[in-house]
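1. after the sequence you'll find the predicted model.
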Amino acid sequence: MGEPVKTHCPYCALQCGMEIGPELAVRPRTDIPANASGALCQKGWTAGELLTSGERLTTPLLHGEPVEWDVALDHVAGRLAVIRAEHGPDAVAVFGGGGLTNEKAYMLGKFARVALGTSQIDYNGRFCMSSAAAASIRAFGMDRGMPFPVTDLAAADVVLLAGGNVAETMPPLVRHLEGPRLIVVDPRRSPTARLAWLHLQPAPGTDLALALGLLHLVVAENLVDEQYVAARTTGFADVRTSLAEWWPERVERITGVPVHRMRQAVRALAAAANAYVLTGRGVEQQAKGTDTVTAFVNLALALGLPGRAGSGYGCVTGQGNGQGGREHGQKADQLPGYRRIDDPAARAHVAGVWGVPPESLPGAGRSAYELLDALGGPGGPRALLVFGSNPLVSAPAAEHVAARIAALDLLVACDFVLSETAARADVVFPVTQWAEESGTMTNLEGRVLLRNRAVAPPDGVRSDLEVIAGLAARLGHRFATEPAEVFDELRRAGRGGPADYSGITYERIAEEKGVFWPCPEPGHPGTPRPFLDRFAHPDGLAMFVPVRHRPPAEEPDEDYPVHLTTGRVLAHYQSGAQTRRIAPLVQAAPEPFVELHPDLAERLEIAAGDVVRLTSRRGEARAVARISDTIRRDTVFMPFHWEGANRLTNPALDPTSRMPEFKVCAVRVERDS
Amino acid sequence: MRLVVVGNGMAGSRLVSEVRARDPRIRITVFGAETCRPYNRVLLSDVLAGGSRPDQVRLLDASWYAAHDVEAVFGDAVAHLDRETRHVVTASGRREPYDLLVLATGSDAVVPPIPGVERAVPFRTLDDCARILAAAEHAGRAVVVGGGLLGVEAARGLAGRGLPVTLLHLAGHLMERQLDVEAGEVLGETLAGLGVRTRTGVSAEAVLEDGVRLAGGELVEAGLVVLACGVRPVTGLAAEAGLEVRRGVVVDDELRTDDPSIFAIGECAEHDGTVYGLVAPAWEQAAVAADVITGGKALYRGSRLVTRLKARSVELAAMGETHLTEEHAEVVRFSHRARGTYRKLVIRDGRLVGAILLGESDAVGTLTQLFDRGGPVPGDRAGLLFPGLSAAPVADSPTLMPDAARVCQCNNVTKGQIRACWEAGARDLAGVAAATRATTGCGTCRDAVEGIVGWLCEQEGIAV
């Protein structure tokens, strides 16, 4: 290997710049703003280890036995044709991932709609950013998670981060938060909360009430930016009236956050010349996540933050391509360019690019959990193709999901390691990973970045694009496999949509260190801050939407007396399929644990290191006890990077985003005897 | 089905929206005696204090009724209840039939029968609020009669507008229903610092042109006299119709009166011997009644009472049985009067049954929720009263830190590893970072790593 190759980290949505080689050594780049200081976390530094892992899959597996590629592809294509002929096109389903490149996400959507003719496609991003996306579209007419460069945060006076633990999930981001006063909303005193100037610690599932209480105070203390509200928004009158019932003392009783702390937060935000309100999965992964985000957006709007240079609202997107993954058509209700699949103009445009009649495109399909829930059941899909996802670990009510998956006639997985889901598949296709292929990723800022192929893949593996094209060919369609070629097609298909990449090329990305969408023309500079002049609604205004708090779908009771909340640890990423195979990360975080408050532990006679059994209405899990006063007395915390936590979680869905309620359910906690 | 609601205040308006949220079809007519849309009475203290404006306390927009197909009649009180024919008759003579009726008539301010009391303004409605504010402009000084929750809030609000205020209270200490003697005294001292002079154990005998005359003859001067002498449930309609009335209209666990087609909720209702005067129980009752009315099976079992004073710079929460003594309960108490701090926990059978928190405290949220949920009280009582007290001190001094302590979280680097790489020759931050990757993640451990390197160098007498 010669010169180092410029690429980006395989993990989170910050997409730190890194270069690889020689000798597979990873080094941070200093030309990418996200980590220009040369920062990387342990996940990033050790990312190269999976390239040489002995656990790499290098041959297709058919019922667990190694087979030739043609045998596996023929088998899958044949089975798909039979299932489709017997049960109709919607009997075949596709499950994608927010870690896939834009090219793959795009091709997966096209594959489902054109080659399979199925409406049944969704992806694990439904479990991540869908609530924030729905709220942003409602408020601003467009969802670009962070509608400003992440480096803008550093110059703010105050940043309120609701339900995010960036010190563990994307550590280099913390460097952009060193300047501002940080206000963190989290039921846990997380490593991020420990860095905060002010930590608000609400009961799980009560963030919406807290946001309403904060906004009530903004109004009651006459801190509304009336001029901004008049000039740039609609709908405030209704919101103002709806706030009368959320006076702070009532909110204190619901959330447990003292009134004087709410006041402190609101005054700091209002006094700031520049401030940001950010949301993360903590407030979003709830059965009311869309409304919770809306309440925080309303707070930001009342303070006059969004669409103003140096201030704003943003969603801290989680998965590596969580932003791009939700733009190009692997979502049940969506076509490339972040267009709606029920929009006739969008259907006509995309069908034109794909060379098929618009009426041949299916309509909207089931959302991720509803899709998994329907597998193998009456009217549900009989075959499932999984790309870049591990739903057996990452979906809620995992035991139920496992049973649904077991009821399938055919499960196909594309992966580079034998994930829990791949291990149950009838057919596994071994695919390339990150540094072995090229492609674009759109990071949390909406900056389109280029990952370059740095090393040759092991013999025997193919890219997801080749797998898709191989299956499509057997079903009578010719799909491109070269990332650059696919990207050109993606640009055409997305042209004129909200997420317009038309003017972006691989060359420009390399030269400009990333390009912000929308970028509708070759000469267009890209759009770092899309809302400065107008929001994306037809009238150019942002929209206030009144929302009401309601309790979590499941509250503690006598049988299940404790809240469970779930989240991440620094050393692992998502379902852990990658990071649990990297020795230093396993050493740093070897096993699932449950975090309990000392008072709760004392009452349950649980000591640090004990094995604890947790039971919910949906299943049980075991984990090692960690005793810590950083958590509320009424709550336990479990990371979800291992099988277990999601056997407990509640698949109650948000009515708008269809996001499951990962962040709060009720459990019983006992020492395992 | 035709539902008629008598009263469009906090309870009545809540009931209407709760019913509509559950059933889009049921025909609803609501009568309110006041001419304005329902507003949040809890926020009136805030209006008095100059926080919220009157237009900011409305609970529903004018357009809400049309959008939700509810007929709302303003300024026409129901004057008569005809149970025989199931009709209500309003003051203006309108007859409205009902299948189900909800009484949410609330309560009236108690006006003591003393000479000149008409010169005083009760503090009860939005209109009262406007009158008080108008009078406050030229009053010079104010007297508030009644040192309960509302009186304290009114006094604090007026003082916050720059008016010297005297608060007159009949009992021996302020808010005697919620507070013990010491808490009442500490509250008085806190108020004194904010411009409210408290006189306890005094009785107002007459309201004069220039103030209030106390029993014994002393004159307390004031250009404005506000009455906060408590409230009395409005039960006339029910009593006249022959429903069972004690202090309030008597209801069962479904909030039904002894006439199964008539419900009563809020401050006019008496459940299990209790008439509640706070909004939270009224709203809980509204939710239960709405459920029952729309065919549900909810039951009301009484409410836990948390009183939270709404007065700027006076943080006070009181809940449950605050008067229990050591004879009947475990009492944990902390008092620091010089700082206006008083904290008390009342614990019985391992559960929190009462608490007082006076003075700013982060414990308030935790204690309220513990009280509300009836969960077991942790063994560490002090940790409950003083959050953060029990937190283990972080050994951030390099000398005290154990070798296994993780210094850099982002790259999982311990003090031991830093020491090892120092021993291998790294003598500065850059060297340690290159060898261990410490400080290369979020960067917040920079100082700690520098501290350890500096300490190691110092130990060995190496100049840094």
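-> Received the coordinates, thanks.

2. what's residue 455 in contact with, if anything?
-> The chain I'm using is chain A. The contact partners of residue A:455, by CB atoms under 8 Å, 6 or more residues apart in numbering or on different chains, come to A:1, A:20-21, A:24, A:51, A:435-436. The way it works is simple: take the backbone N, C-alpha and C, and place the C-beta from them, glycine included.

3. chain B is the one I meant
-> Residue B:455 neighbours (CB under 8 Å, 6+ apart): B:398-399.

4. could you check the pLDDT of it?
-> For residue B:455, the model assigns a pLDDT of 90.

5. ok, back up a step: pull out the buried members of the contacts of residue A:455.
-> Buried members of the contacts of residue A:455, counted by 16 or more other CB atoms under 10 Å in any protein chain shown: A:20-21, A:51, A:435-436.

6. these: which two are farthest apart?
-> Distance extremes for the buried ones among the contacts of residue A:455: the farthest pair is A:21 and A:436 at 12.6 Å, using CB to CB.

7. any common contacting residues for these two?
-> By CB under 8 Å, 6+ apart, the residues touching both residue A:21 and residue A:436 are A:454-455.

8. show me which residues of the stretch 51-200 of chain A sit near chain B.
-> Within the stretch 51-200 of chain A, the positions near chain B by CB under 8 Å from any CB of the partner chain are A:167-168, A:171-175, A:178, A:191, A:195.

9. what is the nearest of the buried ones among the contacts of residue A:455 to chain B?
-> Taking CB to the nearest CB as the measure, chain B lies nearest residue A:20 of the buried ones among the contacts of residue A:455, at 16.2 Å.

10. quick check: nearest residue in space to the closest one, chain neighbours excluded?
-> Spatially, and ignoring its direct neighbours in sequence, residue A:20 is nearest to residue A:454 (4.1 Å; CB to CB, 6 or more residues apart in numbering or on different chains).

11. thought that neighbour was touching residue A:8?
-> No. Using CB atoms under 8 Å, residue A:454 makes no contact with residue A:8, being 10.7 Å away.

12. so for these two, which residue has more residues nearby?
-> Between residue A:454 and residue A:8, counting by other CB atoms under 10 Å in any protein chain shown, residue A:8 is the more crowded of the two (28 against 23).

13. need the phi and psi values for the more buried one.
-> phi -130, psi 160 (degrees, to the nearest 10).

14. pLDDT value on it, please?
-> For residue A:8, pLDDT reads 97.

15. ditto for residue A:340
-> For residue A:340, pLDDT reads 96.

16. run through the bridge partners of it.
-> residue A:334 (DSSP bridges).

17. can you name the residues that contact it?
-> Counting by CB under 8 Å, 6+ apart, residue A:340 has contacts A:333-334, A:346.

18. and of the residues you listed, the nearest to chain B?
-> Distances from chain B to the contacts of residue A:340, taken by CB to the nearest CB, are shortest for residue A:333, at 26.7 Å.

19. hang on, isn't the closest one packed against residue A:346?
-> No. If you go by CB under 8 Å, residue A:333 and residue A:346 don't touch, sitting 11.1 Å apart.

20. who has more neighbours out of these two?
-> A direct count of neighbours by other CB under 10 Å for residue A:333 and residue A:346 places residue A:346 higher, at 23 against 16.

21. next structured bit after the helix or strand hosting that one?
-> Assigned by DSSP states H and E, residue A:346 belongs to helix A:344-354. As assigned by DSSP H and E, the chain's next helix or strand after helix A:344-354 is helix A:368-374.

22. so what touches that next one?
-> Outside helix A:368-374, the residues touching it (CB under 8 Å, 6+ apart) are A:93, A:95, A:120, A:122-124, A:126-127, A:332, A:365-366, A:380-381, A:391, A:395-396, A:400-401, A:404-405, A:651, A:653, A:658, A:660.

23. restrict it to CA atoms and write it as PDB.
-> Provided in PDB are the C-alpha atoms of helix A:368-374 (Å, rounded to 0.1, in the frame of the first residue of the first chain):
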ATOM      1  CA  ALA A 368     -40.100  -0.500   9.900                       C
ATOM      2  CA  TYR A 369     -41.600  -2.000  13.000                       C
ATOM      3  CA  GLU A 370     -45.000  -2.600  11.300                       C
ATOM      4  CA  LEU A 371     -43.100  -4.400   8.600                       C
ATOM      5  CA  LEU A 372     -41.200  -6.600  11.000                       C
ATOM      6  CA  ASP A 373     -44.400  -7.200  12.900                       C
ATOM      7  CA  ALA A 374     -46.200  -8.400   9.700                       C
END
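
24. list just the nearest of the buried ones among the contacts of residue A:455 to residue A:537.
-> residue A:435 (40.9 Å).

25. what's the pLDDT at that closest one?
-> 93.

26. surely it is in contact with residue A:50?
-> No. In this structure, residue A:435 is not within contact of residue A:50 by CB under 8 Å, at 9.1 Å.

27. give me the common contacts of those two.
-> Between them, residue A:435 and residue A:50 share the contacting residues residue A:10, judged by CB under 8 Å, 6+ apart.

28. which ones are touching residue 384?
-> The chain I'm using is chain A. Taking CB under 8 Å, 6+ apart, one finds A:92-95, A:375, A:405, A:408, A:410-412 in contact with residue A:384.

29. my bad, chain B
-> B:345, B:363, B:366-367, B:370, B:377-378.

30. wait, which of those is closest to chain A?
-> The closest of those, once distances to chain A are taken by CB to the nearest CB, is residue B:378, at 3.3 Å.

31. and that closest one, what pLDDT?
-> As predicted, residue B:378 sits at a pLDDT of 90.

32. show me what contacts the nearest residue to it once chain neighbours are set aside?
-> Spatial nearest neighbour of residue B:378, excluding adjacent residues (CB to CB, 6+ apart): residue A:599 at 3.3 Å. If you count contacts by CB under 8 Å, 6+ apart, residue A:599 has them with A:633, B:378-380, B:383.

33. quick one: low-confidence parts of the chain?
-> All of this is about chain A. A:1-2 (pLDDT under 70).

34. other chain: chain B
-> In chain B (pLDDT under 70), the answer is B:390-396, B:462-464.

35. which residue is nearest the centroid of it?
-> residue B:308 (3.4 Å; CA atoms, centre = their mean).

36. and that one, what is it in contact with?
-> A:249, A:252-253, A:259, B:316-317.

37. ok, residue A:389 - contacts?
-> So residue A:389 contacts A:95-97, A:123-124, A:421 (CB under 8 Å, 6+ apart).

38. please report how far residue A:47 lies from residue A:582.
-> Separation of residue A:47 from residue A:582 (CB to CB, to the nearest Å): 8 Å.

39. so between the two, which is more surrounded?
-> residue A:47 (28 against 22).

40. my guess is that one contacts residue A:19. True?
-> No. Between residue A:47 and residue A:19 there is no contact under CB under 8 Å: 11.5 Å.

41. ok, residue 248 - contacts?
-> You didn't say which chain, so I picked chain A. By CB under 8 Å, 6+ apart, the neighbours of residue A:248 are A:213, A:216-217, A:259, A:262-263.

42. hm, I was asking about chain B
-> Counting by CB under 8 Å, 6+ apart, residue B:248 has contacts B:233, B:235, B:264, B:267-270, B:275.

43. ok, the residue nearest to it when sequence neighbours are not counted - how many residues close by?
-> Among residues not flanking residue B:248 along the chain, residue B:270 sits closest, at 3.3 Å (CB to CB, 6+ apart). If you count neighbours by other CB under 10 Å, residue B:270 ends up with 21.

44. over to residue B:270: give its phi and psi.
-> Dihedral angles for residue B:270 - degrees, to the nearest 10 - are phi -120, psi 120.

45. show me what it bridges to in the sheet.
-> Going by DSSP bridges, residue B:270 forms beta bridges with residue B:250.

46. now the helices: where do they sit in chain B?
-> For chain B, the helices defined by DSSP state H occupy B:10-22, B:44-48, B:62-67, B:126-139, B:149-160, B:181-192, B:236-240, B:279-293, B:363-373, B:381-385, B:415-423, B:429-436, B:446-459.

47. one more: the stretch 101-250 of chain A?
-> For the stretch 101-250 of chain A, applying DSSP state H, counting those that start in this stretch gives helices covering A:102-110, A:130-140, A:166-169, A:191-194, A:207-220, A:226-232, A:236-242, A:248-255.
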